[in-house]
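Trainee: give me a model of this one.
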Amino acid sequence: MNEELKKTTSQKLRGYFRSFFHYEASGVSSEDRYKSFRIRLILIVGALAGVPLITLMIISYFWLENLLEADYDNDLRWQIKNTQESIEYFLKEKFSGLNFLISLSSYDQLSDQKALNSIFVKCKTQFGELVDLGVIGSNGIQKSYAGPYHLEGKDYSNQDWFHEVVIRGVYVSEVFTGYRKIPHFAIAIRQEAPDKGTFWILRATIDTETLHNFVSTFNLEKDDDAFIINNVGILQTPSRFHGNVLDRFPLNFPLVKKGVSIIELTKATGGQGILGYAYVNNSPWILAVMIKSRAHTTILEGFRNEMLIILSICIIIGIALNVWISTTVVNSIKGAEDKREEAIAESEHASKLASIGQLAAGVAHEINNPLAVINEKAGLMQDILEIADDNPNKEKFLAQIAAIIESVKRCRTITHRLLGFARRMDVSKEAVDLNDLIHEVLGFVEKEALYRNITLELYLKDDVPAVMSDKGQLQQVFLNIINNAMDAVGRGGSVSISTNAKNANTATVSVKDNGPGIPKEALKHIFEPFFTTKEKGKGTGLGLSISYGIVKRLGGAILVESEVDKGTTFTIEIPRNIESI
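Mentor: The predicted structure follows:
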C-alpha cells in the first residue's frame with residue numbers, strides 16, 4: 001500500500017511540474033512559447049531568491065526590535081534601581097545622623113534652645129538639605145526648634161506623622177505643607193526616657209527639592225517624565241505633564257511592591273509608551289518613570305531605512321541577474337532544440353535520400369533492360385534500312401530511328417546518374433590543385449559560355465593549398481554547379497568563380513551568379529532528389545543531390561546563399577585531407 005501511495009504521489013508531482021514547465025502548446029508560436037517559459041523561469045527564480053531574502057530581513061528587523069526593547073528595558077530598570085538605592089541610602093544616612101545626635105545628647109540638652117541651635121548649625125553645614133530640627137514631647141508639643149520658622153510650642157498631636165512615629169519608632173513622612181504652608185517631608189525618631197517614664201521625638205524636615213534632585217538624574221527625552229508619588233497617587237515631586245507637588249496622578253493599574261516593574265501603557269493608562277516604577281523601602285514613596293519617546297525607535301528607523309536601501313539594491317541586481325540567467329538558459333535550451341530539430345531534419349533527409357537511392361537503383365536497373373532492347377532493335381532497323389535501297393521512305397525512317405537512339409542515350413544518362421546517386425562510389429585519393437582543377441572544368445564549358453555570351457570571372461588565390469581528395473568526383477561537382485549557374489544567368493549573364501583558404505585545414509571554392517536567385521521556400525529543398533527550379537524538361541533534379549552526396553563523402557560541405565533578383569552563391573568546403581571515408 002505504501003509503495004502504491006509513493007508511486008501515485010510521485011506521478012502527481014511529475015505531472016504537476018511537467019504541466020508547470022510545459023511550454024509547448026498547439027496554436028502558439030515558438031517565440032511565444034519561449035517567452036512564456038522565460039517569464040515563468042524568471043518568476044520561479046525570483047521567488048526562490050526573493051522570498052528567503054525578504055523573510056530574513058523581516059526576521060532580522062523584529063529580532064533587532066526585540067533586542068533593543070529588551071536592552072532599553074534593562075537600562076531603564078538599572079536607572080530606576082540605582083536611583084531607588086540612592087534615595088534609600090540618603091534616608092539611612094539621615095536616620096544615622098539623628099541617632100548619632102540622640103546618642104551624644106540627652107533630652108534636656110536637646111530641649112535647650114541654644115544647644116539645639118548650635119547643633120543645627122553644625123548639621124546644616126554638613127547636610128545642606130536639612131531645613132530645620134525640633135524636639136517634640138510625648139504630648140505632641142514642640143519643646144525646642146532650630147530653623148528658619150517660628151514653630152516653638154506648635155502642637156503636632158493631631159498630625160498623622162506624629163502618630164506614625166509614636167507607633168513605629170522611626171518614620172519618613174509623605175510630602176505635606178504643615179504649618180509653614182510649604183511642601184516638605186519629615187523624618188523622625190522616637191527616643192524613650194525611662195527615668196521620666198515617657199518618650200520624646202527628634203524630628204528633622206527636608207525640602208522636596210532634594211527628592212526632585214534624585215529624579216532629575218534620569219536621562220529623559222522631551223516627551224518623557226520622571227517623578228515620585230505616594231501610595232494613593234499624590235505627587236511628591238513636580239511632574240512635566242501631570243502637575244505639581246501634591247497634585248493627584250491617575251493610577252489606573254495595579255502596583256507591584258517588590259523589585260522594579262515595567263508595564264506597557266495603553267490609552268486607558270496614559271497613552272502609548274512604558275512606565276517603570278519601584279517602591280522606595282522604609283518610605284511611603286514610589287519612584288516612577290514614564291517613557292513615551294523610546295530611543296531605540298530611532299535606531300530601528302535607521303536600520304529599517306538602510307535595510308530598505310539594501311533590499312532595493314539587491315532586488316535591482318537580482319532582477320538583472322535573474323533576467324540575464326533566465327534569458328541565457330532559455331536561449332541555450334532554444335539553441336539545443338534548434339540543433340536537435342536540425343539533426344532530426346538531417347536524419348530524415350538522409351533517410352529520404354537512402355530510400356530514394358534504393359528506389360532509384362531499382363528503377364534504373366528495371367529501365368536499363370528495356371532500354372537495351374530498344375537500342376538493339378533500333379540499331380538493327382537502322383542497319384537494315386541502310387542496306388535496302390528500294391525504300392522510298394528510307395531517309396525519313398533513318399531520321400526517326402536516330403531520334404529513338406538519341407532518346408535512349410538520354411534515358412541511359414539519367415539512369416546512370418540515378419545509379420551514381422544510389423551507390424557508394426569508391427574514393428581515389430590524390431593531391432589536387434583546386435586552381436588547376438577549375439581551369440580543367442572551364443575547358444568543358446568555355447565554348448558554351450562564349451556561344452551564350454556569358455562572362456566567366458576567375459578570382460583564384462595563389463595561396464590555396466592542395467587537397468588530398470578524389471579529383472574525378474570533385475570535377476563532377478564543379479562541372480555540375482558551374483553548368484547550373486550558367487543555366488540560371490542565361491544569355492549575357494555573369495558567373496564568377498573564386499578559391500580561398502578558409503583555415504589551415506579547409507579550402508573553399510565559390511561559384512557566384514547574377515541570375516534571378518532562389519526563393520527562400522525553395523532553398524530548403526534545393527538538395528533534395530528530383531527537385532529543380534528550372535523549366536520543365538530542362539533538368540532532372542538530380543545534379544545538386546548527387547553533388548551534395550559526393551561532397552559529403554569527401555568530408556566537405558556545400559553552402560548556398562541566394563537573394564531573389566540578385567543572384568546565388570554556392571560555396572564548396574573541401575578538407576585538406578580525407579581522414580576517414
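Trainee: okay, and for the stretch 1-150 of the chain, where does confidence drop off?
Mentor: Along the stretch 1-150 of the chain, segments meeting pLDDT under 70 span 1-29.
Trainee: do you have the helices of it handy? List them.
Mentor: Ranges of helices in the stretch 1-150 of the chain, per DSSP state H, counting those that start in this stretch, are 2-21, 30-104, 107-111, 113-126.
Trainee: nearest to A557, out of the ones you listed?
Mentor: Closest to A557 of these, according to CB to CB: helix 30-104, at 26.3 Å. From N, CA and C alone the C-beta is placed, and that goes for glycine too.
Trainee: now the closest one: how far from the chain's centre is it?
Mentor: In terms of CA atoms, centre = their mean, to the nearest Å, the centre of helix 30-104 is found 29 Å from the chain centre.
Trainee: sec struct for N375, please.
Mentor: Per DSSP: H, G, I helix; E, B strand; the rest coil, the local secondary structure of N375 is helix.
Trainee: how many residues are close by it?
Mentor: Using other CB atoms under 10 Å, N375 is surrounded by 17 other residues.
Trainee: OK, contacts around it?
Mentor: By CB atoms under 8 Å, 6 or more residues apart in numbering, the residues touching N375 are 405, 408.
Trainee: low-confidence stretches in this structure?
Mentor: For the chain (pLDDT under 70), the answer is 1-29, 251-254, 267-271, 293-297, 344-362, 364-365, 413-414, 416-427, 530-542, 579-581.
Trainee: pick the most deeply packed of the helices of the stretch 1-150 of the chain.
Mentor: helix 107-111 (a mean of 16; mean count of other CB atoms under 10 Å).
Trainee: who are the packing partners of that helix?
Mentor: helix 113-126, strand 130-137, strand 142-146 (3 or more CB pairs under 8 Å, 6 or more residues apart in numbering; DSSP states H and E).
Trainee: can you pull the domain assignment for the chain?
Mentor: Per automatic domain parsing, the structural domains of the chain span 105-204, 212-297, 298-406, 425-575.
Trainee: of all those domains, which lies closest to Y89?
Mentor: domain 212-297 (10.4 Å).
Trainee: and the closest one, how far out from the chain's middle?
Mentor: Centroid separation for domain 212-297 versus its chain: 50 Å, with CA atoms, centre = their mean.
Trainee: now do the same contact list for the residue nearest the centre of the chain.
Mentor: Note on the chain: the residue nearest the mean C-alpha position is G318, at 3.3 Å, using CA atoms, centre = their mean. Residues in contact with G318 (CB under 8 Å, 6+ apart) are 46, 49-50, 53.
Trainee: name the helix or strand for it, please.
Mentor: helix 296-387 (DSSP states H and E).
Trainee: can you show me the CA trace of stretch 391-410 as PDB?
Mentor: The C-alpha coordinates for stretch 391-410 follow below in PDB (Å, rounded to 0.1, in the frame of the first residue of the first chain):
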ATOM      1  CA  ASN A 391      12.600   2.000 -99.800                       C
ATOM      2  CA  PRO A 392      11.200   5.400-100.800                       C
ATOM      3  CA  ASN A 393      10.900   6.500 -97.100                       C
ATOM      4  CA  LYS A 394      14.400   5.400 -96.200                       C
ATOM      5  CA  GLU A 395      15.700   8.800 -95.100                       C
ATOM      6  CA  LYS A 396      12.600   9.600 -93.100                       C
ATOM      7  CA  PHE A 397      12.800   6.300 -91.200                       C
ATOM      8  CA  LEU A 398      16.500   6.700 -90.600                       C
ATOM      9  CA  ALA A 399      15.800  10.100 -89.100                       C
ATOM     10  CA  GLN A 400      13.100   8.700 -86.800                       C
ATOM     11  CA  ILE A 401      15.400   5.800 -85.700                       C
ATOM     12  CA  ALA A 402      18.200   8.200 -85.000                       C
ATOM     13  CA  ALA A 403      15.800  10.100 -82.800                       C
ATOM     14  CA  ILE A 404      14.900   6.900 -80.900                       C
ATOM     15  CA  ILE A 405      18.600   6.100 -80.400                       C
ATOM     16  CA  GLU A 406      19.200   9.600 -79.100                       C
ATOM     17  CA  SER A 407      16.300   9.300 -76.700                       C
ATOM     18  CA  VAL A 408      17.700   6.000 -75.400                       C
ATOM     19  CA  LYS A 409      21.100   7.600 -74.800                       C
ATOM     20  CA  ARG A 410      19.400  10.400 -72.900                       C
END
